[in-house]
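Undergrad: Any chance you could fold what I've pasted below:
(2 chains)
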Amino acid sequence: MSRASLLRLEGVSKTYRGAARPAVDDLSLQVRAGEIFGFLGPNGAGKTTTIKMVVGLLTPDRGTVTVNGHNVAVDPVAAKADIGFVPDNPDLYDRLTGLEYLNLVADIFGIPKAERSRRINELLEMFELTSAISDVIQSYSHGMKQKLALTGALLHDPPVFILDEPMVGLDPRASRLFKDMMRNHCDKGHVVFFSTHILEVAERLCDRVGIIDKGRLIACGTVEELRERRKQADESLEDIFLELTEPGEGK
Amino acid sequence: MARRTISLVLAQLNMNFAISYSRYYYLKKRQRLWEPVLIGLAIASGAITIAVGVYKVARFFYSATAPIGQGDVTLTLGILASQVIVLILGFVLVIAVFYFSNDLSILIPLPLRPAEVLASKFAVILANEYLGLAVFVIPVLVAYGLLAGVGAVPYAITAVLVFLALPVVPLVIAAIPAILLMRVAGLSRRKDTLAMIGGFMFVALVVGFQIFIQTRAPGRGEEAEFLTRVLSTANSLVDIVGSRFPPSIWATKALAGAGTLSGLLNLALFLGAGALAFAALLAIGNRVFYQGVLSGFEAAARSNDRSAARLRADRYAERSPVASLAVTEMKLFARTPVFALNGFTGFVMFPVMFVVIFFVRRTPEMARIWESFISAPGFEAIGALVVGAHFLALTAFSSIPFSAFSREGKRNIWIPKTLPVAGRTVALGKAVAAEIMILLGALPGVAVLEYMVRLPLVSLAAGIALGVISSFTLCLWGVLFDMRRPMLNWTDQQKAVKSNLNTLFGALFGIAAIVALGFVVHLGLKAGVAGWAVVAVVGGIATVLLVAAIRVLDAAADRIWRSLEV
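TA: Numbers count the residues shown, from 1 in each chain, chains lettered A, B, ... in the order given. Below is the predicted model:
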């Protein structure tokens, strides 16, 4: 039985004003319930632009983005209600305390008091942030801000969890916790869509990966499928990635 | 080292005026080319209008004072007024640029002396001051030069030098206490609060002192003697006015005597005072500047078991999205020293002005005039209108609603943009926050006014109601305006409010609204309409505009919000 697509991009394109070529060009992909999807690509390939279109920070020139059945362009509030998002650089409101920030997020998502108390405590304990939560965010380290952003994004248990370079700034322990949490999140029938440069993580963690280069999706599938397509059974994801994005650079 | 400093100053100026940024977006990428053209035209036409007005006033003033041998006072007053403005606004500017610039974390690790970084930041402030002062000072210098018949070349050279040195001394006078305050505040856990309180105290002191001096009239029976003394000595008015701030006399005498030995001596004194002040600033800055900046990078963390225990007991406040956004907005505004110092300065200045004027002017003559004023027919209604105008003026000049989205900056705008909240909700939350802050800020001024004027309760209530309606209307329009075209690309927080054209437009809208409503009141009273009827008409107009703003909010805010790309 095929699982429902919680995230679907169809023919999505985006060209920045004044740019010679599109940042994202006719990109189509879908992520099914229960999947961890790794979005890979070299610098400037269009990963962040794609993610920004999914979460409503940019409007596509063409194509549609659908989140859990809601077209982001038509009903952005309903679509965003089903998204948890963590950007590559989690700049939060420095002059709020961690708890004030989480309360803001919980208020917007309409999470009732008892539920938010339980979720916040659970997530803070997981990320070992409890003792710092009454401090202003300005006093947090980069990793702590990252963990707080993750906590905020997970408060409402989002069906679609989107992350731009999530491993940056996390210590090994938090990174391990986070990977376990991603798996658990997907086991509940949700999806995780994340961009990364760390190919080992993507290879080990992702059910499927998509490789984007110069705005176009040049490969998509499980790592096994990509190997089969290239008829190189012993290739690592790194070799595949290098060969696809810079032919001749692979093994 | 000099080359290094020059290079640093050029880089700072480049960032301040967004030169490379504009070249890239407008010339290379050719994005929104109409924008700089339109903005340039708007600024130029505004600046020319003001400059022409100042020029006419200066000519008139010179023509009136020259026959009694007091023509030079035109220069003194122009120079002194501009220096006082630099002094009042300089304090906030210094704190913002010296201590809250985004690039400090890049500059401090570089092998630069604190004085070099300080000098480059000072150059940025000076460059901004020149732009503002040009509109007010150059017309005065030109008017005097044309009318006084001074030698063209020496006068022009002196005028350029005086103009360039003009803001240095007042800026240093503002900068030294600011640096010392930030050093002391840096020792405290509550450094932001201390910085804000110090800032407000400085502004209150300067404004209070200035008004006290200006309103200190000669005592009863002394007027004739005072005038005779002034008129008997050529340019003694210059000495009286300038005695409060000697550099303004030196600048006047340098200009009036341009090309003569006395002129040169006064010019040397004026430039020397500037150089000495600047050297003193660098010397002090070299010792304490970095300590203040570095303490700003340290935020007080209280992480301990107690805070963990408190978390469990903490209330998980549950609010509606609008209320939550409004509360967040108020916390962010009030806790950010640069925003609070800019936005709340008017809240401090107005009551201080009222109090000083009230106490200084409590002479029997003034009391008589005051009595006749408050017992005039229709006074209660006019009082209500004054209270309403006070709210509107604070809203226009606070910059709070007109920078509501700009203040988020590139760093934080992603937060509301990715949360599941409609544009109208975000805009309403920000407008409500602005209105609450303005309402709270207006109350001290209203209390002082009430103490002075003793308005009946009904007038006070009507005035506050009128004020809330009109200021909330302006808040809604302001927030929508800033949502449509937010300035997100700023390098320091000061730019988000002070270099933001939206806040300038806000002030202009506010002034236009006050003038227009004032005109309506004038017409009404002139036509013999009862005072309260005029209040009702003004209230009606404000309500119609409020309804229109709510309609626009409902109809367009979501679309505007969606179209905002980050």
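
Undergrad: what's stretch A:71-85 in contact with?
TA: A:6, A:51, A:53-56, A:59-60, A:64-68, A:70, A:109, A:153-156, A:158-163, B:418-422, B:562 (Cβ atoms under 8 Å, 6 or more residues apart in numbering or on different chains). C-beta: built from backbone N, CA, C; applies to glycine.

Undergrad: cutoff 7 Å now
TA: For stretch A:71-85, contacts defined as Cβ atoms under 7 Å, 6 or more residues apart in numbering or on different chains pick out A:54-56, A:59, A:64-65, A:67-68, A:70, A:109, A:153-154, A:156, A:158-162, B:418-422, B:562.

Undergrad: and residue 128, how many neighbours?
TA: Since you didn't name a chain, this refers to chain A. 14 (other Cβ atoms under 10 Å in any protein chain shown).

Undergrad: Switch to chain B, please.
TA: Quick note: B:Asn128 (other Cβ under 10 Å) scores 21 neighbours.

Undergrad: Can you give me the distance of it to B:Val97?
TA: 9 Å (Cβ to Cβ, to the nearest Å).

Undergrad: what does B:Val521 give?
TA: From B:Val521 to B:Val97 the distance is 41 Å (Cβ to Cβ).

Undergrad: Which one's more surrounded, the two?
TA: Neighbours were counted for B:Val521 and for B:Val97 using other Cβ under 10 Å; B:Val97 has more, 24 against 20.

Undergrad: got a list of what the more buried one touches?
TA: B:Lys121, B:Val124, B:Ile125, B:Asp492, B:Gln494 are the contacts of B:Val97 under Cβ under 7 Å, 6+ apart.

Undergrad: with those in mind, which one is nearest to A:Ile198?
TA: B:Asp492 (34.6 Å; Cβ to Cβ).

Undergrad: Show me the contacts of stretch A:71-85 that map onto helices.
TA: Under the assignment DSSP state H, those contribute A:Val54, A:Val55, A:Phe109, A:Ala153, A:Leu154, B:Thr418, B:Arg562 to helices.

Undergrad: how many neighbours does the residue lying closest to the third one once chain neighbours are set aside have?
TA: When you say that, I think you mean A:Phe109. Distances taken as Cβ to Cβ, 6 or more residues apart in numbering or on different chains place A:His156 nearest to A:Phe109, at 4.2 Å, with adjacent residues excluded. Neighbours of A:His156 under the rule other Cβ under 10 Å: 21.

Undergrad: ok, which residues in chain A are in contact with chain B?
TA: A:17-18, A:55-59, A:76-77, A:80-81, A:85, A:87, A:91, A:93, A:95-96, A:99-100, A:103-105, A:107-109, A:112-113, A:116-117, A:130-136, A:138-139 (Cβ under 7 Å from any Cβ of the partner chain).

Undergrad: which of those are buried?
TA: Burial by neighbour count, judged by 16 or more other Cβ atoms under 10 Å in any protein chain shown, picks out A:55-59, A:76, A:80-81, A:85, A:87, A:91, A:93, A:95-96, A:99-100, A:103-105, A:107-109, A:116-117, A:130-136, A:138-139 from these.

Undergrad: of all of chain A, which residue lies closest to chain B?
TA: A:Gly18 (2.9 Å; Cβ to the nearest Cβ).

Undergrad: For the residue lying closest to that residue once chain neighbours are set aside, grab phi and psi.
TA: The spatially closest residue to A:Gly18, leaving aside those adjacent along the chain, is B:Lys29, at 2.9 Å (Cβ to Cβ, 6+ apart). In terms of degrees, to the nearest 10, the main-chain angles of B:Lys29 are phi -80, psi -10.

Undergrad: what's the spacing between B:Lys29 and B:Arg23?
TA: 10 Å.

Undergrad: Please apply the same query to B:Leu564.
TA: From B:Leu564 to B:Arg23 the distance is 24 Å (Cβ to Cβ).

Undergrad: Give me the distance between stretch B:49-69 and the centre of its chain.
TA: 25 Å (Cα atoms, centre = their mean, to the nearest Å).

Undergrad: Can you list the helices and strands that the helix ranked longest in chain A packs against?
TA: Longest helix of chain A, by residue count under DSSP H: helix A:172-187. Packed against helix A:172-187, as judged by 3 or more Cβ pairs under 7 Å, 6 or more residues apart in numbering or on different chains; DSSP states H and E, are the following elements: helix A:142-154, strand A:191-195.

Undergrad: try 6 Å
TA: strand A:191-195 (3 or more Cβ pairs under 6 Å, 6 or more residues apart in numbering or on different chains; DSSP states H and E).

Undergrad: can you list contacts of the strand it packs on?
TA: Strand A:191-195 is contacted by residues A:6-7, A:31, A:35-37, A:39, A:47, A:160-166, A:182, A:185-186 when judged by Cβ atoms under 6 Å, 6 or more residues apart in numbering or on different chains.

Undergrad: Repeat the analysis, applying 8 Å as the threshold.
TA: Contacts for strand A:191-195 (Cβ under 8 Å, 6+ apart): A:6-7, A:31-41, A:47-48, A:51, A:54, A:88, A:159-166, A:182, A:185-186.

Undergrad: and whichever helix or strand comes after that strand, which residues are buried?
TA: Remark: after strand A:191-195, the chain's next helix or strand is helix A:199-205, criterion DSSP states H and E. Of the residues in helix A:199-205, those buried by neighbour count under the rule 16+ other Cβ under 10 Å are A:Leu199, A:Val201, A:Ala202, A:Glu203, A:Leu205.
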